[in-house]
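1. what follows is a predicted structure for the sequence shown.
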Amino acid sequence: MRNLKILWGVIALLLLALTTVGYKLVQGDVSPSEDNRIAVNLNKFERNLVLKEMRNFLVSTQGVSEAITNKDLKLAAKLASEAGMDAEKNTPGSMLAKIPLAMKTLGFDTRQKFDQLASDAVKLNDPTYSRNQLDLLMKNCIACHTSFKILEVNE
Ligand code: HEC
């Protein structure tokens, strides 16, 4: 009887720990922000890394757009794939854990949309189709910037 009570106690504690870890993974490491966005708490190194990726995103978006205008879909594909999922392979796991699930989902979806644009550009060779994909992809940039910002914190 006593052992059973201890067992239930252990199970309850484990469940609590699991819920806490799960909650933290969904929530990320965040603070409220007075501009109605969610501030993600990152250290200086992590913030610089994300902002560098962002500036690369802007360079890719401009390059892909110009290549589509010039009907050079091979170049559009090359530039788009550089901004695809491959670019994510050096992202530190410790930083990913701090990013809320909703933001990660938007981020990965944006990378996948670049990959999709790259493969369709080669397959279809249709500038209007690629242009529509880029227009749609850029709504992800807007959605994320509307909801999230980065706060630099000391660790
Ligand atoms: C998953 C979220 C997310 C997506 C998707 C996203 N961004 Fe960002 N971006 C951010 C955050 C967060 C910041 C920091 C904003 C702040 O702190 O005010 C940022 C900042 C930037 C900056 C400023 C960089 C600097 O040096 O200050 C640029 C440029 C930028 N993003 C471009 C883009 C472009 C272009 C796209 C789409 C192709 C994009 N971003 C998609 C989250 C995102």
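-> Good, I have the coordinates. Because the structure is predicted, anything quoted here is derived from the model rather than measured. Numbers count the residues shown, from 1 in each chain.
2. tell me the secondary structure for Ser31?
-> Classification of Ser31 using DSSP: H, G, I helix; E, B strand; the rest coil returns strand.
3. what's the burial count for it?
-> When neighbours are defined as other C-beta atoms under 10 Å, Ser31 has 11 of them. For glycine as for every other residue, the C-beta is placed from the backbone atoms N, C-alpha and C.
4. on the three-state scheme, the residue nearest to the spatial centre of the chain is what?
-> Nearest to the mean C-alpha position of the chain, by C-alpha atoms, centre = their mean, lies Gly107 at 2.0 Å. Of the three states, Gly107 takes helix under three-state DSSP.
5. how about Ile99?
-> coil.
6. one step back: pretty sure the residue nearest to the centre of the chain contacts Ala143?
-> No. Using C-beta atoms under 8 Å, Gly107 is not in contact with Ala143, being 10.8 Å away.
7. rewinding a little: how about the residue nearest to the centre of the chain, nearest residue that isn't a chain neighbour?
-> Cys144 (7.1 Å; C-beta to C-beta, 6 or more residues apart in numbering).
8. which SSE is the one you found in?
-> Cys144 belongs to helix 127-147 when assigned by DSSP states H and E.
9. residues making contact with that helix?
-> 37-38, 57, 61, 64-65, 68-69, 71, 73, 76, 102-103, 106-107, 109-110, 113-114, 116-117, 120-121, 124 (C-beta atoms under 8 Å, 6 or more residues apart in numbering).
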